[in-house]
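Chemist: Return atomic coordinates for the entry below.
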Amino acid sequence: MISSSTFAEPAMDVVRKSRVSRIGMEHQWRCPSDKNSQARERGNILVTRWNRNDSKPLEVVNSGSAAHHCIAMNLKCTSLTFSHGGNTIVRGRLTAGAVQITAPGVACSAVFESPADVLHLFASQQVLGECFEDMFGRPHAGEIRLDDPKLVRDPALERLGQALAVAQSDDAALGKVFTDSVSLAIVSRVIARHFTVTGRQTREASALQPWRLSRVIEFVDEHLSKSIGLADIANSAGLTRMHFASQFRRATGMRPHEYLLRRRIEHAQHLLRESKHNVLDVALSCGFRSQAHFTTVFKRIVGDTPYCWRMKENVDR
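Modeler: Numbers count the residues shown, from 1 in each chain. Purely as a prediction, here's the structure:
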């Protein structure tokens with residue numbers, strides 16, 4: 001297993017060879033504004049952000065970049081249907097931290113059914129080649145094409161994406177070098193994952209089928225306040241515990257227990273934001289047996305205690 005620091009160091013070297021454009025807001029999904037066209041032509045990494053606060057369904061379509069890979073990093077939980085090259089990849093709830101990569105020339109579409117916040121990194125072939133050479137010490141033979149559209153769950157990528165989002169909100173303080181370095185670290189991590197994971201895939205379990213995954217998501221959402229175990233979740237998918245756990249992780253990048261915790265915390269955030277319930281009541285209604293355990297898990301996933309998070313949310317509204 002390669003640590004996240006391993007990927008960040010070579011990315012710093014790539015800064016000397018490639019420049020990264022500042023983060024801009026997208027007016028159309030996956031469509032950088034015209035003012036960024038020169039950045040694309042120079043072969044840089046272009047970073048943009050798609051953000052919507054409306055809960056009304058919105059359908060978006062993109063024909064795909066001609067020469068750039070699009071690395072999409074989901075910053076907050078959302079509900080959508082996402083199609084890639086005519087195949088449905090996501091139908092339902094998508095947790096924060098999920099990453100999806102679209103190769104050049106592949107059309108995508110989505111129907112957003114809730115607020116969303118997504119970072120899009122458009123990486124040129126030049127940048128991919130430089131990151132590959134820095135990671136593996138040799139040039140890649142031919143064009144690099146990352147053509148696996150399945151969702152990626154990687155804690156290192158999630159932390160880098162959140163760091164980049166912070167840089168976008170406080171650019172003056174953090175500086176362009178930080179933004180450049182984090183963006184390049186993300187591309188380096190993606191490259192390293194692709195070329196090290198691909199060689200192991202034939203030995204790994206197959207991913208959980210989409211219809212089974214939909215059943216699991218529905219079952220978990222309906223039982224967030226109850227005590228459920230791995231056997232209960234596996235049974236909802238019609239599989240044994242052993243087969244389910246490996247296939248679920250292959251499909252989502254998370255262990256079932258981690259997914260359940262994240263969904264409970266996401267539901268808790270909704271209750272803390274929209275209801276008047278105290279922290280203990282929220283904890284119990286989300287399946288936690290004590291406020292202490294709830295606070296520990298909440299802080300690990302969100303980065304703040306439930307009380308402090310609620311106070312900040314109320315100030316921002």
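Chemist: Please enumerate the helices of the stretch 101-250 of the chain.
Modeler: 125-136, 155-169, 171-174, 176-197, 210-222, 230-237, 241-252 (DSSP state H, counting those that start in this stretch).
Chemist: Include mean pLDDT, mean neighbour count and distance to residue 58 when you put the ones you listed into JSON lines, please.
Modeler: In this view, the C-beta of every residue, glycine as well, is placed from N, C-alpha and C. Output for these, formatted as JSON lines (pLDDT from 0 to 100; neighbours: other CB atoms under 10 Å; distance: least, CB to CB, whole Å):
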{"stretch": "helix 125-136", "mean pLDDT": "89", "mean neighbour count": "20", "distance to residue 58": "31"}
{"stretch": "helix 155-169", "mean pLDDT": "81", "mean neighbour count": "19", "distance to residue 58": "21"}
{"stretch": "helix 171-174", "mean pLDDT": "42", "mean neighbour count": "11", "distance to residue 58": "27"}
{"stretch": "helix 176-197", "mean pLDDT": "84", "mean neighbour count": "21", "distance to residue 58": "26"}
{"stretch": "helix 210-222", "mean pLDDT": "92", "mean neighbour count": "16", "distance to residue 58": "21"}
{"stretch": "helix 230-237", "mean pLDDT": "89", "mean neighbour count": "18", "distance to residue 58": "30"}
{"stretch": "helix 241-252", "mean pLDDT": "82", "mean neighbour count": "18", "distance to residue 58": "25"}
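Chemist: can you list those helices in CSV and add distance to residue 70?
Modeler: Shown next, in CSV, are the helices of the stretch 101-250 of the chain (distance: least, CB to CB, whole Å):
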stretch, distance to residue 70
helix 125-136, 12
helix 155-169, 14
helix 171-174, 22
helix 176-197, 11
helix 210-222, 22
helix 230-237, 31
helix 241-252, 21
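Chemist: Ok, which of those helices comes nearest residue 315?
Modeler: Each of the helices of the stretch 101-250 of the chain has some distance to residue 315 by CB to CB; the shortest is helix 155-169, at 15.2 Å.
Chemist: that's a strand at residue 92, yeah?
Modeler: Yes - per DSSP: H, G, I helix; E, B strand; the rest coil, residue 92 lies within a strand segment.
Chemist: isn't it right next to residue 216, touching?
Modeler: No - Residue 92 is not in contact with residue 216 according to CB atoms under 8 Å; the separation is 10.2 Å.
Chemist: you'd agree residue 300 is in a helix?
Modeler: Yes - Residue 300: assigned to a helix according to three-state DSSP.
Chemist: Can you get me a residue count around it?
Modeler: Neighbour count of residue 300, defined by other CB atoms under 10 Å: 10.
Chemist: For it, give its distance to residue 293.
Modeler: To residue 293, residue 300 is 11 Å away according to CB to CB, to the nearest Å.
Chemist: again with residue 311
Modeler: In terms of CB to CB, residue 311 sits 21 Å off from residue 293.
Chemist: do residue 141 as well
Modeler: 52 Å.
Chemist: Find the centremost residue of the protein, please.
Modeler: Residue closest to the mean C-alpha point of the chain, counted by CA atoms, centre = their mean, is residue 98 at 2.3 Å.
Chemist: How about the contacts made by that one?
Modeler: Residue 98 is in contact with 73-74, 151-153, 253, counting by CB atoms under 8 Å, 6 or more residues apart in numbering.
Chemist: Tell me if I am right that residue 60 is in a helix.
Modeler: No - read with three-state DSSP, residue 60 is strand and lies in no helix.
Chemist: Ramachandran angles for the closest residue to it other than its chain neighbours?
Modeler: Distances taken as CB to CB, 6 or more residues apart in numbering put residue 29 closest to residue 60, at 3.8 Å, once the chain neighbours are dropped. Dihedral pair for residue 29: phi -60, psi 120, per degrees, to the nearest 10.
Chemist: for residue 29, what are its contacts?
Modeler: Per CB under 8 Å, 6+ apart, neighbours of residue 29: 50, 60-62, 110.
Chemist: could I get those as CSV with distance to residue 315, pLDDT and neighbour count?
Modeler: Formatted as CSV, the contacts of residue 29 follow (distance: CB to CB, whole Å; pLDDT from 0 to 100; neighbours: other CB atoms under 10 Å):
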residue, distance to residue 315, pLDDT, neighbour count
50, 25, 92, 21
60, 31, 96, 18
61, 37, 96, 12
62, 35, 96, 17
110, 31, 96, 25
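Chemist: okay but residue 154 is in contact with residue 192, surely?
Modeler: No - counting by CB under 8 Å, residue 154 stays clear of residue 192, with 10.3 Å between them.
Chemist: Flag the shaky bits of the stretch 201-317 of the chain, pLDDT-wise.
Modeler: Low-confidence segments of the stretch 201-317 of the chain (pLDDT under 70): 201-205, 316-317.
Chemist: and if we set it to 50?
Modeler: By pLDDT under 50, the low-scoring segments of the stretch 201-317 of the chain are 201-203.
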